[in-house]
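Undergrad: Following is a predicted model, sequence given first.
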Amino acid sequence: AILYFSSAAQSSRSAVASELSRLGCVASVTSSECDLSRKASGNNVWLTGNEEHTVNVADMYYANSNFLDVLDIPLLQGRGFSETADSTAHEVLVEERFIDVLSKLGMDIGDGNVVGRTFNITEHLGLDGTSEFTICGVIGNIRRGGLNSLTADSRAGVLFPSPWIECYLYIRFNRLDAETLAQAQEVVDRLLPNNDLYVLPFRLRIDQLNDPVRTFGTSVLIAGMAVLLITLIGLVGYTSDEVRRRAKEIAIRKVNGSEATGILELLVKDVLYVAVVAVLIGVVAAWYVNGMWMDLFAEHVPLSWAAYLLIAIANLAVIVACVLWKSWKIANENPVN
């Protein structure tokens with residue numbers, strides 16, 4: 001869960017964090033100056049001696065030394081912040097995509113290990129008054145702002161150490177439900193009685209980011225099912241009319257020795273002449289529209305041609321099944337009738 005309490009004094013924040021960590025339902029507590037569900041602030045980085053060449057990165061500012069453990073963020077290289085590190089230390093954590101930033105700045109990465117490498121960043125100063133910092137570890141990329149390209153922050157992130165309780169408190173529960181949330185909320189209300197502050201499941205923020213995509217996807221699914229149903233109703237009507245129109249032809253074919261399978265094959269072929277072309281046009285249109293939709297996301301998994309092929313086969317299978325269902329009776333009926 002997450003609690004935003006920037007308006008509270010540092011002493012009050014520390015008291016809340018301490019009390020929450022004592023609850024039996026709470027596993028651990030940490031804090032950060034960054035809400036991971038939103039875009040981060042930005043600052044420019046450069047290499048010493050090359051101040052003219054800069055790249056803008058996502059500055060997540062400060063976090064406690066146990067931040068990675070509480071939020072279960074994977075450490076890919078090096079180590080996390082030391083227990084004694086504070087905001088004036090020269091060490092920083094960077095995201096994996098920060099390696100590309102260093103390459104763009106002209107640094108020879110070699111084997112890809114950037115632990116121990118240094119860079120400069122605006123708005124931050126070390127103990128000696130310089131803006132040069134050393135990378136102590138590399139973490140996995142955080143999807144700040146979700147996956148929608150309008151809200152996503154795809155810049156490389158930088159994180160600085162802090163011993164203080166920052167404005168965002170992250171609480172990991174042993175079991176997160178209404179009862180445990182109520183216990184945490186009681187602590188906040190008791191220690192900060194004059195503030196409208198709420199402990200909220202972090203999942204709510206993620207769901208809010210994904211709701212527009214989920215709603216659109218559900219709408220497309222419902223519309224697609226409705227279109228398919230309308231199409232099948234039309235196909236059933238067309239097949240019934242076609243069977244009635246060609247009833248005498250079918251009877252003559254049966255008298256001349258045609259099997260039921262031959263009659264069914266004849267009717268299916270007539271429908272497939274149109275259906276195959278229509279489905280191919282639909283698949284091409286779906287590929288084009290899907291590509292446009294995917295461009296709205298900061299990252300996505302491309303849909304392979306095999307998926308479109310399977311969709312086309314499934315559509316044709318449904319059409320054939322519908323024609324066989326409506327033609328089966330007359331194909332097996334006595335030609336005299």
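TA: Yes, it's here.

Undergrad: Where do the strands of the stretch 1-150 of the chain begin and end?
TA: In the stretch 1-150 of the chain, the segments counted as strands under DSSP state E, counting those that start in this stretch are 2-4, 26-32, 41-47, 50-63, 75-78, 91-95, 118-121, 132-139.

Undergrad: quick one: which of those is nearest Val279?
TA: Val279 sits nearest to strand 91-95 of all the strands of the stretch 1-150 of the chain, at 43.7 Å, using CB to CB. All C-beta spots, glycine's among them, are computed from the backbone N, C-alpha and C.

Undergrad: For the residue nearest the centre of the chain, give its distance to Val213.
TA: When CA atoms, centre = their mean is applied to the chain, the residue found nearest the centroid is Leu147 (4.9 Å). Distance from Leu147 to Val213, counting by CB to CB, to the nearest Å: 7 Å.

Undergrad: Distance check, the closest residue to Glu95 other than its chain neighbours against Lys39.
TA: Spatially, and ignoring its direct neighbours in sequence, Glu95 is nearest to Gly157 (4.3 Å; CB to CB, 6 or more residues apart in numbering). For Gly157, the distance to Lys39 equals 11 Å [CB to CB].

Undergrad: any residues in contact with both of those two?
TA: The contact sets of Gly157 and Lys39 overlap at Ala58, Arg144 (CB atoms under 8 Å, 6 or more residues apart in numbering).

Undergrad: Looking at this structure, which helix is longest?
TA: Assignment by DSSP state H gives helix 202-245 as the longest helix of the chain.

Undergrad: The very next helix or strand once past that one packs against which elements?
TA: Once the chain leaves helix 202-245, the next helix or strand it forms, by DSSP states H and E, is helix 247-255. Packing contacts for helix 247-255, counted by 3 or more CB pairs under 8 Å, 6 or more residues apart in numbering; DSSP states H and E, involve helix 260-294, helix 305-331.

Undergrad: What angle do helix 260-294 and helix 247-255 make with each other?
TA: Counting by axes from the mean of the first three to the mean of the last three CA atoms, to 10 degrees, helix 247-255 lies at 120 degrees to helix 260-294.

Undergrad: buried set for helix 247-255?
TA: Within helix 247-255, the residues scored as buried using 16 or more other CB atoms under 10 Å are Ile250, Ala251, Arg253, Lys254.

Undergrad: What does the pLDDT read for the last one?
TA: Spelled out, that is Lys254. What the model reports as pLDDT for Lys254 is 80.

Undergrad: and the closest residue to it other than its chain neighbours, how many neighbours does it have?
TA: Leaving out its chain neighbours, the residue that sits closest to Lys254 by CB to CB, 6+ apart is Pro335, at 4.1 Å. The tally of other residues near Pro335 (other CB atoms under 10 Å) stands at 15.
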